[in-house]
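Peer 1: can you look at this prediction? I've put the sequence above it.
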Amino acid sequence: MEGSKVSRIHLPQVPPPNPRMRRPLREQVDTQTPLHQLLVTLQRKKWFLLTMVIAGGVLAALLGLARPSQYEATTQILVDAPSRAAPVGGLSSTQDLLESSIDDHITMLSSQSHLRSVVAALRKTDAANVAKAADGTKQADVATATSSPDLARVEPPKSRPVLDDLLAKIWPQSTPAGPDAAELKVLRDGIRIGQELRSRVISVGFTDKDPTRAALVANTFVHVYIADLASRSQASDEQELDSIVAGLPAIRDSLAEATDRLERYRLSHGAADQGAADNAAKETAELTQQISMSKADLAAQVSRLQRIQDLRKQNAPLASLAEAIGTSELTDLATRQARAPEDKDISKAIDNAVEQGFARVAAEADIYRSQVEALEDRKKVLDAVVADTAGRLSGLRALEPQVSILTQRYNDLLARQQDLKRRIANPSAGVGVLSAAWPPTNPTTLPPIFLVPPGMIVFGLIGGILVLLRRHFDRTLRGEAEAEAALKVPCLALIPRAAITHAKRLKQLVLGQQESGYSRAVTSLLVAAAPSQLRSRSAQIMLVTSSMPDDGATELAWSLALVATRLGGRVLMVDLEPKGAQLTLEFLDQYGGPKARHSFADYVCNRCTLEGAVTSMPEIGINLMTLGPSEDLLTLLSRGNGSEVMEDLHSVYSVVVLNGPSGLGRPEARFLTEWADVVLFAVRWAKTQRHVARGVLELLQGDDSIPVPVGSVLTRVNLKKHAGYRLGDSADLLREKVI
């Protein structure tokens, strides 16, 4: 009797192995060059890249609109040409002097001390403007209070936002070294100083959001510098004038004495012509000139020493004392004391530097004093020689050159004195304003439209990098050759993705739309997995399993069962999911006849016949056997006789589809391979990771002691996306429409 226990002793003829299942694996030959792969990847993600490019352009435009416009005002200053005559080098030497002078000016314009002076000048200007505005506001307030005395007062400015405090805590900024640090940073960041080509023009530009403010800062920057140079030049001229005024009486007395001596000699001795007397007189005149210069230097040093003493008694600022002493070390110490006024070591170092500078100036004065005494002693000796020569010879020519030299020296000093008075009255800085800055009308920042192309390019590159990184780190399976190389088993088919996977839709898709890609793919898989069943009409048991529950194994098993009904034989669907798959429950609900009283466990344990464990579905031509929800599959597989079950199923059904549990969640699926003639391992396309699929497949294969053919099937393939990879496998044929 069909399905009886006795029928199991009749051994059917075992079908020969499927040659397709035993064929050698295809080699994963990469026929695409790296450039071609890159182009294919970019072509496949063109809409994503286009979105990134558009987003980059929009974001760049928004940033450009949100960014405030910057205006740059420029002041030009002209450096005076070098007044010293060029040496043998000619024009090149003159150009070198000019370039050196321009470099000095640019360096001084960029110095920290000048920046501080500009900040102080701007602060005074702002204070004056605020005072004027305050006076106008007071007058307006008085008029307003007279007309409306109950007007509410203006609210004080709000405190710093909480968001700024939070950002300051997350990203702390460096503590300013002084009260002017912030203003100095703004001035340093906005200022621009440079030479115009190779000319004598230096441009000073400042960038700010307010064009009026930019012009004010640029003009103030230059005016402060010119005023500082003029004051320094005036102080130097005043010091030189004091030295000349101190030396004029001595020159005048020497000239009067020489003139008197010449007149007395003429009256007493008359004229004489002696070369020796001339030489002695010339040497005496030169010595007298040296004495005058030394006395002038001595007077300058004494005046400088007296000024230092007065400044120390008056407790003058350290900057004035440093300027009087003229030492760079004291200037540096003054700058360091301004940054750290409480540092006692710096104060002690300043005192030591002041004492050393004062001692140095006093030593220089003593040296000049000794030099003057030595020259006067030498002059006395020379005067005695001249007198002796004049006594023995005629001293007329010895006195005349002396008078002439003293007269020339005295006239030069008078002319220099007049020139210094003129320069002091009208001090010159050596530079002048060539063009003052006006508030600019055109911003220096680029319009937002010019930021769009760079933004699009940058975001396009970012999108391309993201696409390439995703492609590099993508470890899923998409093609036949790729699956065979990763899993080391043949890839039998690529099953397209069905729009809706419920029972009625799946039946219509497989049996009602046989020209569809899905039906053709499942039919091709059945033909590839069980070709012997078509030739010899022998039975075939196929195990469908997967690594993950959502890999589409149940959908694939039902599809194979539906296609197998077209072969004309009896088809059995065995669902071994512990709680029953949702798709199986839908088939039972829509196409199932009288429900079986027994389950797969009862049949395997010989508690019922095969007919008592199956549920007939005559509308679709499939019998169904399920596993009870409380039955342990591992116990059944370990106790049951797989060979007897296979013999019984072979004798009754043409095609038996075993829907096994997922290998990752139910490792006992390894035992089901002994119950099947072929194993179909479902791998979800572009979803299941390679290492997961490979690990579960190795678990199913075990030690390869059971010669059961195993093949992989990629399920739920998106044909449209798959075509973008241009792999050239069987999925590309499914896109073609059959007429």
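Peer 2: Sure, I can see it.

Peer 1: Three-state assignment for residue 607, please.
Peer 2: Classification of residue 607 using DSSP: H, G, I helix; E, B strand; the rest coil returns coil.

Peer 1: for it, list the residues it contacts.
Peer 2: 598, 601 (CB atoms under 8 Å, 6 or more residues apart in numbering). Just so you know, the C-beta spots here come from the backbone N, C-alpha and C atoms, and that holds for glycine as well.

Peer 1: go again with 10 Å.
Peer 2: Residue 607 sits next to 598-599, 601, 613 when contact means CB atoms under 10 Å, 6 or more residues apart in numbering.

Peer 1: one more: residue 373?
Peer 2: Residue 373 touches 291, 294, counting by CB under 10 Å, 6+ apart.

Peer 1: state the distance from it to residue 381.
Peer 2: 13 Å (CB to CB, to the nearest Å).

Peer 1: over to residue 403?
Peer 2: Taking CB to CB, one finds residue 403 at 21 Å from residue 381.

Peer 1: what do you get for residue 469?
Peer 2: 97 Å.

Peer 1: got it, and residue 515?
Peer 2: 135 Å.

Peer 1: so what's the nearest residue to residue 562 once chain neighbours are set aside up against?
Peer 2: Once flanking residues are discounted, residue 562 sits nearest to residue 510: 4.3 Å by CB to CB, 6 or more residues apart in numbering. By CB under 10 Å, 6+ apart, the residues touching residue 510 are 498, 516, 518-519, 522-523, 558-563, 565-566, 620.

Peer 1: same question, residue 296
Peer 2: So residue 296 contacts 240, 242-248, 250-251, 368, 413 (CB under 10 Å, 6+ apart).

Peer 1: CA atoms of stretch 687-696 as PDB?
Peer 2: Output in PDB follows, covering the C-alpha atoms of stretch 687-696 (Å, rounded to 0.1, in the frame of the first residue of the first chain):
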ATOM      1  CA  LYS A 687      22.600  41.300   2.200                       C
ATOM      2  CA  THR A 688      24.200  38.100   3.700                       C
ATOM      3  CA  GLN A 689      27.900  38.600   4.600                       C
ATOM      4  CA  ARG A 690      30.400  36.300   3.000                       C
ATOM      5  CA  HIS A 691      32.000  35.000   6.200                       C
ATOM      6  CA  VAL A 692      28.500  34.200   7.600                       C
ATOM      7  CA  ALA A 693      27.500  32.200   4.500                       C
ATOM      8  CA  ARG A 694      30.800  30.500   4.300                       C
ATOM      9  CA  GLY A 695      30.800  29.500   7.900                       C
ATOM     10  CA  VAL A 696      27.200  28.000   7.800                       C
END
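
Peer 1: which helix in the protein runs the most residues?
Peer 2: helix 211-268 (DSSP state H).

Peer 1: only the buried subset of the contacts of residue 510, as a ChimeraX command please.
Peer 2: Filtering those down to the buried ones (16 or more other CB atoms under 10 Å) takes a single ChimeraX command:
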select :498,516,518,519,522,523,558,559,560,561,562,563,565,620
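
Peer 1: residue 429: which of the contacts of residue 510 is nearest?
Peer 2: Comparing the contacts of residue 510 against residue 429 with CB to CB places residue 498 closest, at 89.0 Å.

Peer 1: and the closest one, helix, strand or coil?
Peer 2: Under three-state DSSP, residue 498 comes out as coil.

Peer 1: for residue 220, list the residues it contacts.
Peer 2: Here residue 220 is in contact with 75, 117-119, 121-122, 124-125, 206, 437 (criterion: CB under 10 Å, 6+ apart).

Peer 1: can you do 6 Å?
Peer 2: 121-122 (CB atoms under 6 Å, 6 or more residues apart in numbering).

Peer 1: ok, residue 366 next?
Peer 2: Residue 366 touches nothing, counting by CB under 6 Å, 6+ apart.

Peer 1: for it, give its distance to residue 302.
Peer 2: Counting by CB to CB - residue 366 and residue 302 are separated by 11 Å.

Peer 1: next, residue 205: phi, psi?
Peer 2: Here is the backbone geometry of residue 205 (degrees, to the nearest 10): phi -120, psi 150.

Peer 1: one more: residue 717?
Peer 2: Here is the backbone geometry of residue 717 (degrees, to the nearest 10): phi -80, psi 130.

Peer 1: could you do residue 615 as well?
Peer 2: phi -110, psi 130.

Peer 1: repeat for residue 203
Peer 2: According to degrees, to the nearest 10, residue 203 has phi -100, psi 130.

Peer 1: same check on residue 192?
Peer 2: phi -140, psi 120.

Peer 1: pull the number of nearby residues for residue 515.
Peer 2: Residue 515 sits with 9 neighbouring residues when counted by other CB atoms under 10 Å.

Peer 1: for residue 364, what is the enclosing helix or strand?
Peer 2: In this assignment (DSSP states H and E), residue 364 forms part of helix 344-392.

Peer 1: returning to that earlier point: measure the residue nearest to residue 562 to residue 731 for me?
Peer 2: For residue 510, the distance to residue 731 - CB to CB - is 18 Å.

Peer 1: could you do residue 649 as well?
Peer 2: 32 Å.

Peer 1: same check, this time on residue 645
Peer 2: Using CB to CB, one obtains 36 Å as the distance from residue 645 to residue 731.

Peer 1: with neighbour numbers in mind, choose between the two.
Peer 2: Between residue 645 and residue 731, counting by other CB under 10 Å, residue 731 is the more crowded of the two (25 against 20).

Peer 1: for the more buried one, give me its contacts.
Peer 2: With contact taken as CB under 6 Å, 6+ apart, residue 731 is in contact with 494, 717, 722.

Peer 1: secondary structure class for the closest residue to it other than its chain neighbours?
Peer 2: Computed as CB to CB, 6+ apart, the closest residue to residue 731 that is not its neighbour in sequence is residue 494, at 4.2 Å. For residue 494, the secondary structure call by three-state DSSP comes out as strand.

Peer 1: residue 494 against residue 717, yeah?
Peer 2: Yes: with contact defined as CB atoms under 6 Å, residue 494 and residue 717 form a contacting pair (4.8 Å).

Peer 1: quick one: buried residues of stretch 541-557?
Peer 2: 541-548, 551-557.

Peer 1: quick one: which of these is nearest to residue 181?
Peer 2: residue 548 (62.2 Å).

Peer 1: in this structure, which residue is most central in space?
Peer 2: Nearest to the mean C-alpha position of the chain, by CA atoms, centre = their mean, lies residue 458 at 12.5 Å.

Peer 1: the nearest residue to it once chain neighbours are set aside: which element?
Peer 2: Nearest residue to residue 458, sequence neighbours excluded (CB to CB, 6+ apart): residue 56, at 5.9 Å. If you go by DSSP H and E, residue 56 is part of helix 46-66.

Peer 1: output that helix as PDB, restricted to C-alpha atoms.
Peer 2: The C-alpha trace of helix 46-66 is given here as PDB (Å, rounded to 0.1, in the frame of the first residue of the first chain):
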ATOM      1  CA  LYS A  46      25.400  58.400 -10.500                       C
ATOM      2  CA  TRP A  47      22.200  59.600  -8.700                       C
ATOM      3  CA  PHE A  48      23.900  59.500  -5.300                       C
ATOM      4  CA  LEU A  49      26.800  61.400  -6.700                       C
ATOM      5  CA  LEU A  50      24.500  63.900  -8.400                       C
ATOM      6  CA  THR A  51      22.700  64.400  -5.100                       C
ATOM      7  CA  MET A  52      26.000  65.000  -3.400                       C
ATOM      8  CA  VAL A  53      27.100  67.500  -6.000                       C
ATOM      9  CA  ILE A  54      23.800  69.400  -5.800                       C
ATOM     10  CA  ALA A  55      23.900  69.300  -2.000                       C
ATOM     11  CA  GLY A  56      27.500  70.700  -2.100                       C
ATOM     12  CA  GLY A  57      26.500  73.500  -4.400                       C
ATOM     13  CA  VAL A  58      23.500  74.400  -2.300                       C
ATOM     14  CA  LEU A  59      25.500  74.300   0.900                       C
ATOM     15  CA  ALA A  60      28.300  76.400  -0.600                       C
ATOM     16  CA  ALA A  61      25.700  78.900  -1.800                       C
ATOM     17  CA  LEU A  62      24.100  79.100   1.700                       C
ATOM     18  CA  LEU A  63      27.500  79.500   3.400                       C
ATOM     19  CA  GLY A  64      28.300  82.200   0.900                       C
ATOM     20  CA  LEU A  65      25.100  84.000   1.600                       C
ATOM     21  CA  ALA A  66      25.500  83.600   5.400                       C
END
